[in-house]
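Student: No letters, just coordinates:
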């Protein structure tokens, strides 16, 4: 589809002659909203992290592995929540990636952009249906589960749901194929949802670009609930309790350090040299309560 797009005859992108119904506009609006959240997420920007191995080379029963990421567990969970809305295909997710593709393709007809986006969507599905490829770290044939199975077992056991017996069994099967190495399986999951998000984002950029043009030309605004972050600018603005306690302790320690410095005759070096003593005294006082 990339080559076909490069060699295709240039055609105007249809906007004025296209008419979407209210439901199609609503679904595209939600897709665009969620895609923006996905692309703005910390996980999308910083990536799935790295796996470090000690002991035997590669993946084996005697090797030890550690997963390191730049993003926190909370940031990963936030990303998975958004990713799930674009990934799932059930009736609870009517504006997921695969469901808006037919709307876009129908609207643009035989335009090269429609064919290219359809090609990306097909490549995305092929990716989900294939076995994850982590050569040379994991030898071909080691894993037999598909990318979709890997993603689903994590979604249904670690994030979206409490697992039923079948999902828990599937998770165990996937884990056994990587010699029970939880860091390795988790790294594979994070890497695959990141790759899938890149594919969704590549096609989604074109869909977003065209849909914004369509709305501007027809003077319409999609009937879409805004993201909470857009509706409530104060989210995250308040000081966390842990941060507040740390700030108050720091301020009191600095005040006490100043008093100690004065009591000691204001020696050269300033009150900073009394800060450690002040912190110890404060900690002792707080420990007595």
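Tutor: Done, it's in. Treat the numbers as computed from the prediction; the structure is a model and nothing was measured.

Student: got a list of contacts for stretch 162-177?
Tutor: Applying C-beta atoms under 8 Å, 6 or more residues apart in numbering, the set of residues contacting stretch 162-177 from outside is 142-145, 149-150, 152-154, 156-157, 161, 181-182, 185. All C-beta atoms are positioned from the backbone trio N, CA, C, and that covers glycine.

Student: now stretch 193-206
Tutor: With C-beta under 8 Å, 6+ apart as the contact definition, stretch 193-206 has outside contacts at 31-32, 35, 38-39, 43-44, 47-48, 79-80, 83, 86-87, 97, 101, 113, 116-117, 120-121, 123-124, 127-128, 147, 151.

Student: Mind picking the two most distant members of the contacts of stretch 162-177?
Tutor: Using C-beta to C-beta, the two most remote members of the contacts of stretch 162-177 are 142 and 161, lying 27.7 Å apart.

Student: rewinding a little: filter the contacts of stretch 193-206 down to the buried ones, PyMOL style.
Tutor: In PyMOL syntax, the buried subset of the contacts of stretch 193-206 is picked out as below (16 or more other C-beta atoms under 10 Å):
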select buried, resi 31+32+35+38+39+43+44+48+79+80+83+86+87+97+101+113+116+117+120+121+124+127+128+147+151
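
Student: Identify each buried residue in the lengthiest helix in the chain, please.
Tutor: In the chain, ranked by residue count with DSSP state H as the criterion, the top helix is helix 182-218. Residues of helix 182-218 classed as buried: 183-194, 196-197, 199-201, 203-204, 206-208, 210-211, 214-215 (neighbour count, 16+ other C-beta under 10 Å).

Student: Which secondary structure element of the chain has the lowest mean pLDDT?
Tutor: The element with the least model confidence among the helices and strands of the chain, by mean pLDDT, DSSP states H and E, is helix 228-231, at a mean of 62.

Student: avg pLDDT for stretch 109-125?
Tutor: Over the span of stretch 109-125, the pLDDT mean works out to 95.

Student: Offset the numbering so it begins at 15, please.
Tutor: New numbering, starting at 15: the last item is stretch 123-139.

Student: how about the strands in this structure?
Tutor: For the chain, applying DSSP state E gives strands covering 64-68, 78-82.

Student: Hmm, residue 27 and residue 224 touching each other?
Tutor: Yes: because the distance of 6.4 Å satisfies C-beta atoms under 8 Å, residue 224 is recorded as touching residue 27.

Student: Pull the contacting residues for the residue nearest the centre of the chain.
Tutor: For the chain, the residue lying nearest the average C-alpha position, counting by C-alpha atoms, centre = their mean, turns out to be residue 93 (3.1 Å). Neighbouring residues of residue 93 by C-beta under 8 Å, 6+ apart: 52, 55, 56, 57, 58, 85, 207.

Student: Mind checking which of the residues you listed are in helices?
Tutor: Secondary structure from DSSP H places 52, 56, 57, 58, 207 of the contacts of residue 93 in helices.

Student: Max pairwise distance over those: which two?
Tutor: Distance extremes for the ones in helices among the contacts of residue 93: the farthest pair is 56 and 207 at 13.9 Å, using C-beta to C-beta.

Student: Any idea how many residues pack against residue 145?
Tutor: Applying the criterion other C-beta atoms under 10 Å, we find 16 residues in the vicinity of residue 145.

Student: thinking again about what came up before, need the contacts of residue 93 in TSV with distance to residue 293, can you?
Tutor: Output for the contacts of residue 93, formatted as TSV (distance: C-beta to C-beta, whole Å):
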residue	distance to residue 293
52	43
55	37
56	32
57	36
58	39
85	31
207	43
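
Student: quick one: low-confidence ranges for the chain?
Tutor: For the chain, the stretches with pLDDT under 70 are 19, 69-72, 75-76, 241-252, 302-303.

Student: ok, which stretches of it are helices?
Tutor: With DSSP H as the criterion, the chain has helices spanning 16-21, 36-54, 56-60, 87-101, 111-122, 126-143, 161-168, 179-190, 196-232, 242-245, 255-277, 289-302.

Student: Please verify my assumption that residue 94 contacts residue 173.
Tutor: Yes: counting by C-beta under 8 Å, residue 94 sits close enough to residue 173 to count as a contact (4.9 Å).

Student: mind listing what residue 125 touches?
Tutor: When contacts are taken as C-beta under 8 Å, 6+ apart, residue 125 is in contact with 25, 27, 28.

Student: right, and the last one touches residue 123 too?
Tutor: If I follow you right, that is residue 28. Yes: with contacts defined as C-beta under 8 Å, residue 28 counts as touching residue 123 at a distance of 6.8 Å.
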